[in-house]
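Q: give me a 3D structure for the following:
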Amino acid sequence: MRLLLNFLLVLASVHIQPTSAQIPLTDRFLSSLQYSGGINDEELRNNLITYADLSFSHISSALQSLEAEESVQCYEQLWYIKRVSNSTAEGKAMYNKMVDAWGKPEGGILQGNWYWLGRASECRHVTFPRLDSPTIHTRQSLVGFTLGHSRLPLTQGACLPHSCDEQATATVFHTIAESLGIERVEVHSVTFEQDGEYNAAFGLAVAIFGILLITVAVGTGLDLYVQHSKDQLHVSDLTNGDANINDDLSGSEQVSSGYKPLDQRDKIRVHLESNLGVKCLLAFSLYTNVPKLISTKSGPDTIKCLNGIRVISIAWVVAGHTCFYALQGNPAVYVSNLVEWYGTTVNRFSFMLIANCSFSVDSFFVLSAFLLTYLTLKKLSERGDRGVPAKFWVMYVLQRYWRLTPSFVLVILFTVGIWQLLGNETVVQWQPWLDEVRGCHSSWWVNLLYLNNIVHTQPEQLCLGWTWYLANDFQFYLIAPFLVVPMYKMPRVGLGATLALTLVSCGACFGISFGNNLPPGGTTTIINPKANLVYNTDYDALFVELYIRPYSRFCSYGVGMLLGYLVYLKPPGTFRMPRWANLLGWFLSLGVLFAVIFGIFGVTNGHFPSR
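A: Now for the predicted structure:
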C-alpha cells in the first residue's frame, strides 16, 4: 500500500513544464513593464488597442489575400480553401468554422489579457475534401508574437491546415498585422498540436497498472474474508461460553480440557493468515491500509512539530510555483490581469515570502537529515558495545532504494505510457508534456540510479525534472553513515567532518554564483526583468550548475545532521533551556529568517549592487 501512496504523492507533484519554444523567456515576458514604461508606452498601447479590433472579417480577409504558391503547400491549400468557400455552401460553412476557431482579443488587453486560445475542438473537425488530392485537415496552434518594437509577448490560437509550418504561420500573422495597419510583427514561437501515441509503453503501463489494481482488489477481498471469519469466531466463542456456564462442567470433555476443535472455515482462515503469498496480498488491502493512512494518531516518540513544518513547507512550494508560472506566462496558470497584479502585488515587500519560496526545499533537506541522524544515533546507542552488524548497513541502503524506486518507476511509466495521451483532443496549452515524455524515453535509467542531478541535466534530457530532489536526498542518504558513525564513536571527528562539508557546500554556492555572475535569488529575474542587464540569467548556469547540484545542496542537509546530533544529546523533555537563552535563540533565528527572505528586496526592485 505504501507503493500506491508514494506513487500518488509523486504524481501529485506533477505540473505543466512549459517548453522553451512555447513559453516566452522571462526577460521577454515582463520586460515591457520595465523597458518601455509599461502599458503607458504610447506605441505599445496604440498597437494593443489596434490589435484588439481584430475580428472574424480581418482574419478572413488576410487568409483570402494570400496568393497560391506551388512550392509552399500551405499557401496552395489556403488558396483552394478560399476558392471552395466562395463557390459552395459546404465549403463556406467549413471556412467559417476555421476562422471562428481562431483566438481573438478579449476585454482587458491593457490589463494583461494577452492570451487568446481560440477553439481547438472546433478546428479539429474542419475538413475540405478534394477530388484530386488528399483531404485538407486543419489543426490548432499557439502562436507567440510581439507587436511593433515592444517585447511584450502575445499568444493567439490559429486554425490552419496541417501543411502550414512555422514560417508559413508567421507569414499569415504578418498579413493580419498589415491589414490592421500595424507596421511590424515578430513571431517568436509556434506550438502545434501533438497527439500522444498508443505504443508499446502504453500497453506496458496499462498492463502493470491493471495488475496492480487487481492485486489491490484481491487483497482487499481476502482481508475482508479474514476479518469476517475472526468476527464470526469471536461471536461463536462468546455464545459457547455463555452456554457452558449453565452446563455440567464434569459432563463436558471439551470444556474440562479447554480445547475447542477448529471447524473447516477456521482452518482455512489460519492457513490463509500463515501463507506468505496471502500476506503479500493483504499488504495491498484498502480495508486495512486506508484507516492507517488517514489516522492522525502519533507514536510516543513522534516529534509532532515536524508535521507542522512539512505542511507549511509544502504550502510554500505550491504558492511559490503557482505565482512564478503565472509571471512566466505559463498557460497552465494564466493570469488575465497580469499588469494590475504585477503593479500592485509583485513589487510589495511582503511578496518576498513568495519570491524566496525556494528555501522551502531546504527545509525538507533539513528534516530528512535531522530524522536520519537522530534515529540512527538512537539505533547505535541501543546496540551499545555489540555494534551494528554489516547486514544492518546493507539493509539500510536496500530498504531506502526499495522504498523509493517502485513508486518512482510507476510515475515514469505513467508519464511515458499514459500521460502523453491525456493531452489528446485538448487545447494546445496542455500538450507540452511531450518534451517531458521524450526525456523519459532516453533518461529513465538515470532517474532510477538517482543521478539525474548530475548527468542528463539539459532541458531536452530531463525526465520528470522536479525529481532532482530525490536524487540529492538519496545521495546524501548514502554518505550519511560515514558521518553519523563517527559522530557516535568519535564526536569531534564526526561533527568536524559534517561542519567542514557544510561550509564547503556554502563556499561552492558562493563560488558558483560569484564566478558566473548569478543573481542573488533565482526569482530576481522574474520579478525584475532588468536583472538580465546586470546578472547572468542563463538557465544552465542558474538551474543546472547551481540549483540542483549536490555540492550546492548539502549545506542545508548538513545543518539538519548537526541538529539531529544536538537533539540526540538532549532528547525532547530532558532539557529545559533558560528563558534568556530561549528568547535569544528566537531573536537570532527570526533575524536570520528575516534576512534570508527579505534581504534581496532592494535587488528585486532594481537597486543592483556594483561588483
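
Q: only C-alpha atoms from now on, for both contacts and neighbour counts.
A: Fine.

Q: what distance separates stretch 592-605 from the middle of the whole chain?
A: Relative to the chain's own centre, stretch 592-605 is displaced by 26 Å; criterion: C-alpha atoms, centre = their mean, to the nearest Å.

Q: likewise for stretch 106-116?
A: 28 Å.

Q: now the end-to-end length of it.
A: With C-alpha to C-alpha, to the nearest Å as the measure, stretch 106-116 spans 7 Å from end to end.

Q: who's in contact with that stretch?
A: With C-alpha atoms under 8 Å, 6 or more residues apart in numbering as the test, stretch 106-116 has contacts from 39, 45, 48-49, 52, 103-105, 153-157, 335-340.

Q: where do the helices of the stretch 101-250 of the chain begin and end?
A: Here the stretch 101-250 of the chain has its helices, by DSSP state H, counting those that start in this stretch, at 120-124, 166-179, 200-245.

Q: the helix or strand hosting residue 317 packs against which elements?
A: Per DSSP states H and E, residue 317 falls inside helix 305-327. With contacts defined as 3 or more C-alpha pairs under 8 Å, 6 or more residues apart in numbering; DSSP states H and E, helix 305-327 has these neighbours: helix 352-355, helix 359-383, helix 524-527.

Q: may I see the buried residues of the very next helix or strand once past that helix?
A: Per DSSP H and E, the first helix or strand lying C-terminal to helix 305-327 is helix 338-341. Applying a neighbour-count criterion of 16 or more other C-alpha atoms under 10 Å, one finds 338, 339 buried in helix 338-341.

Q: so where's the stretch 501-611 of the chain shaky on pLDDT?
A: 522, 524-526, 529, 539, 610-611 (pLDDT under 70).

Q: the stretch 101-250 of the chain too?
A: 230-250.

Q: next: the stretch 351-500 of the chain.
A: 385, 423, 425-437.

Q: now do stretch 599-610: distance to the chain's middle.
A: That offset, for stretch 599-610, works out to 29 Å (C-alpha atoms, centre = their mean).

Q: contacts for it?
A: 347, 349, 352, 520, 521, 524, 525, 527, 528, 530, 531, 534.

Q: most neighbours out of those, which is it?
A: In terms of neighbours by other C-alpha atoms under 10 Å, the contacts of stretch 599-610 top out with residue 527 at 26 neighbours.

Q: show me where this structure has strands.
A: 115-116, 127-128, 136-147, 154-161, 185-192 (DSSP state E).

Q: ok and the longest one relative to strand 154-161, angle-wise?
A: In other words, strand 136-147. Orientation check (axes from the mean of the first three to the mean of the last three C-alpha atoms, to 10 degrees): strand 136-147 against strand 154-161 gives 160 degrees.

Q: give the partner strands of strand 136-147 in its sheet and their orientations.
A: strand 127-128 (antiparallel), strand 154-161 (antiparallel), strand 185-192 (antiparallel) (DSSP bridges).

Q: quick one: it to helix 166-179, angle?
A: Using the same axes, to 10 degrees: strand 136-147 against helix 166-179 is 60 degrees.

Q: ok so, going back, in CSV: the contacts of stretch 599-610, plus distance to residue 602.
A: Shown next, in CSV, are the contacts of stretch 599-610 (distance: C-alpha to C-alpha, whole Å):
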residue, distance to residue 602
347, 10
349, 9
352, 11
520, 11
521, 12
524, 10
525, 13
527, 11
528, 11
530, 13
531, 12
534, 14
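
Q: what is the nearest of the residues you listed to residue 203?
A: Among these, residue 525 lies closest to residue 203 (C-alpha to C-alpha), at 42.8 Å.

Q: follow-up on the earlier one: between the contacts of stretch 599-610, which is nearest residue 302?
A: residue 352 (32.7 Å).

Q: looking at it, the closest one is touching residue 596, isn't it?
A: No: counting by C-alpha atoms under 8 Å, residue 352 stays clear of residue 596, with 9.7 Å between them.

Q: quick check: which of the helices of the stretch 101-250 of the chain is buried the most?
A: Neighbour counts (mean count of other C-alpha atoms under 10 Å) averaged over each of those peak at helix 120-124, with a mean of 20.

Q: against which helices or strands is it packed?
A: helix 89-100, strand 136-147.

Q: and among these, the most buried is which?
A: By mean count of other C-alpha under 10 Å, those have strand 136-147 as the most buried, with a mean of 23.

Q: next one: that strand to chain centre, how far?
A: 27 Å.

Q: what does stretch 117-128 give?
A: Distance, centroid of stretch 117-128 to centroid of chain: 30 Å (C-alpha atoms, centre = their mean).

Q: so what touches it?
A: Under C-alpha under 8 Å, 6+ apart, the answer for stretch 117-128 is 81, 91, 94-95, 97-98, 100-104, 135-140, 142, 155-159, 425-428.

Q: one step back: now, among the contacts of stretch 599-610, which is nearest to residue 477?
A: The closest of the contacts of stretch 599-610, once distances to residue 477 are taken by C-alpha to C-alpha, is residue 521, at 27.2 Å.

Q: who touches that closest one in this structure?
A: 356, 600.

Q: OK, contacts around the closest residue to residue 405 other than its chain neighbours?
A: Excluding its sequence neighbours, the residue lying closest to residue 405 (C-alpha to C-alpha, 6 or more residues apart in numbering) is residue 448, at 6.8 Å. By C-alpha under 8 Å, 6+ apart, the residues touching residue 448 are 405, 408, 409.

Q: could you do residue 558 as well?
A: 366, 369, 498, 499, 501, 502.

Q: now, of these, which are buried?
A: Neighbour-count burial (16+ other C-alpha under 10 Å) is assigned, among the contacts of residue 558, to 366, 369, 498, 499, 501, 502.

Q: quick one: these as a markdown table, columns for distance to residue 111 too.
A: Listed next are those as a markdown table, based on distance: C-alpha to C-alpha, whole Å:
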| residue | distance to residue 111 |
| --- | --- |
| 366 | 41 |
| 369 | 46 |
| 498 | 52 |
| 499 | 51 |
| 501 | 49 |
| 502 | 46 |
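
Q: looking at these, which is nearest residue 585?
A: Using C-alpha to C-alpha, the buried ones among the contacts of residue 558 come closest to residue 585 at residue 366, 18.0 Å.

Q: isn't the closest one up against residue 556?
A: Yes: the pair residue 366 / residue 556 is scored as a contact, 5.7 Å apart, by C-alpha under 8 Å.

Q: picking up where we left off before, mind listing which of the contacts of residue 448 are in helices?
A: Here DSSP state H is the test, and these give 405, 408, 409 as lying in helices.

Q: which residues of the stretch 401-550 of the chain fall in helices?
A: Counting by DSSP H, counting those that start in this stretch, the helices of the stretch 401-550 of the chain are 420-422, 433-448, 468-479, 481-489, 491-515, 524-527, 539.

Q: tell me which of the ones you listed is the most buried.
A: By mean count of other C-alpha under 10 Å, those have helix 524-527 as the most buried, with a mean of 24.

Q: residue 455 and residue 183: what is the separation?
A: Using C-alpha to C-alpha, residue 455 is found at 46 Å from residue 183.

Q: what's the closest of the contacts of stretch 599-610 to residue 227?
A: residue 352 (53.8 Å).

Q: how about the contacts made by the closest residue to that closest one other than its chain neighbours?
A: Nearest residue to residue 352, sequence neighbours excluded (C-alpha to C-alpha, 6+ apart): residue 598, at 5.7 Å. The neighbours of residue 598, taking C-alpha under 8 Å, 6+ apart as the test, are 349, 352, 353.

Q: could you find the closest non-adjacent residue to the last one?
A: Counting by C-alpha to C-alpha, 6+ apart, residue 353 lies nearest to residue 597, which is 6.3 Å off, once chain neighbours are set aside.
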